[in-house]
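Visitor: Only the shape, not the letters, is given here:
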């Protein structure tokens with residue numbers, strides 16, 4: 001793939017996902033990470049708002065909005081960009097200067113005349129900060145992720161010592177690993193356990209050992225597809241749907257804390273409260289709503305209301321003296 005073609009493919013990849021990494025893009029495009037970073041620099045120099053953030057929670061993002069509309073390009077404009085890239089001098093040499101200008105306007109539209117370079121003293125990193133860490137949570141200690149990656153690349157089965165959520169102790173499990181995935185600022189080991197796909201949080205992985213046998217994956221399954229399957233299954237869980245009223249001035253906080261569990265949120269009523277619905281995999285999950293204190297009232301189902309009442313009475317009794 002030529003560099004001009006690669007720049008267009010890179011831009012398409014950035015449009016397809018809100019955030020990715022140079023390593024992921026390098027694998028997708030079949031080039032080195034250094035090449036990806038050079039290509040990103042070329043997009044930035046052309047005025048396309050690509051933002052890079054270094055560090056543990058960093059990545060590469062195309063700023064949201066209509067700044068880069070590949071779908072708006074004509075066939076001729078797209079062909080020209082694949083041939084010469086974003087270089088106006090090359091476009092001029094092949095007689096495509098007008099088409100190149102038109103394409104760049106569609107990729108970097110502005111609502112006002114573009115300012116002179118001297119009028120832009122601040123870089124994107126001066127005015128944008130991206131932090132992908134989860135809210136209200138300290139970073140949990142992780143095992144040797146690099147060492148785990150090296151062992152995963154052997155293609156062998158693993159014996160892991162893992163503590164399930166809510167359990168006091170860890171136990172040994174034999175798994176057939178696909179690899180690692182990072183989601184929501186957290187690392188997970190994706191593996192089959194007794195031929196069933198699972199995600200294991202690395203923060204609860206105590207240690208592991210490489211076994212002699214090769215991993216035995218389900219036919220046709222791979223890391224990306226299995227991680228997507230598990231993520232979609234988790235987000236679709238909602239055996240218990242709770243209806244509640246929450247003070248309107250707490251709605252932003254509710255959205256931030258509940259995340260994907262918040263299914264619906266209506267407009268404020270006459271009493272300044274908003275009706276919301278929240279989905280949990282089991283009834284005990286409604287304990288999460290206690291943190292909103294007097295700013296929330298659960299109205300249905302009745303079992304959820306009774307559970308919160310019992311928990312609140314217990315808390316009041318414990319704090320009475």
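Guide: Perfect, thanks for sending it. These figures come from a predicted structure and were not determined experimentally.

Visitor: which sections of the stretch 201-321 of the chain are below the confidence cut-off?
Guide: Along the stretch 201-321 of the chain, the model assigns pLDDT under 70 to residues 234-238.

Visitor: quick one, helices of it?
Guide: Remark: helices assigned in the stretch 201-321 of the chain by DSSP state H, counting those that start in this stretch are 223-236, 251-258, 302-318.

Visitor: Now do the second one: which elements does it pack against?
Guide: Other helices and strands packing on helix 251-258, by 3 or more CB pairs under 8 Å, 6 or more residues apart in numbering; DSSP states H and E, are strand 262-268, strand 273-280. (Glycine included, C-beta is placed from N, CA and C.)

Visitor: most neighbours per residue, which of those strands?
Guide: strand 273-280 (a mean of 20; mean count of other CB atoms under 10 Å).

Visitor: Direction included, what does it pair against?
Guide: Strand 273-280 has the following strand partners under DSSP bridges: strand 240-247 (antiparallel), strand 262-268 (antiparallel).

Visitor: possible to save the ones you listed as TSV with distance to residue 59?
Guide: Listed next are the strands paired with strand 273-280 as TSV, based on distance: least, CB to CB, whole Å:
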stretch	distance to residue 59
strand 240-247	32
strand 262-268	25
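
Visitor: Those: which one's closest to residue 231?
Guide: Smallest distance to residue 231 across these (CB to CB): 17.0 Å, for strand 262-268.

Visitor: Now tell me what touches the closest one from outside.
Guide: Contact partners of strand 262-268, identified using CB atoms under 8 Å, 6 or more residues apart in numbering, comprise 238, 241, 248, 251, 254, 255, 274, 275, 276, 277, 278, 279.

Visitor: Between the helices and strands packed on helix 251-258, which one is closest to residue 17.
Guide: Closest among those, once you apply CB to CB, is strand 262-268, at 22.8 Å.

Visitor: Average pLDDT for stretch 169-181, rounded please.
Guide: Averaging pLDDT along stretch 169-181 yields 93.

Visitor: Just the pLDDT at residue 116, thanks.
Guide: So residue 116 comes in at 51 (pLDDT).

Visitor: for the one 5 residues further on, same thing?
Guide: In this model, residue 121 is scored at 58, pLDDT.

Visitor: ok so, going back, out of the strands paired with strand 273-280, nearest to residue 291?
Guide: Using CB to CB, the strands paired with strand 273-280 put strand 240-247 closest to residue 291, at 11.8 Å.

Visitor: Would you indicate which residues of the closest one are buried?
Guide: 240, 242, 243, 244, 245, 246, 247 (16 or more other CB atoms under 10 Å).

Visitor: can I get those residues in JSON lines with distance to residue 207?
Guide: Output for the buried residues of strand 240-247, formatted as JSON lines (distance: CB to CB, whole Å):
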{"residue": "240", "distance to residue 207": "36"}
{"residue": "242", "distance to residue 207": "38"}
{"residue": "243", "distance to residue 207": "44"}
{"residue": "244", "distance to residue 207": "42"}
{"residue": "245", "distance to residue 207": "47"}
{"residue": "246", "distance to residue 207": "43"}
{"residue": "247", "distance to residue 207": "46"}
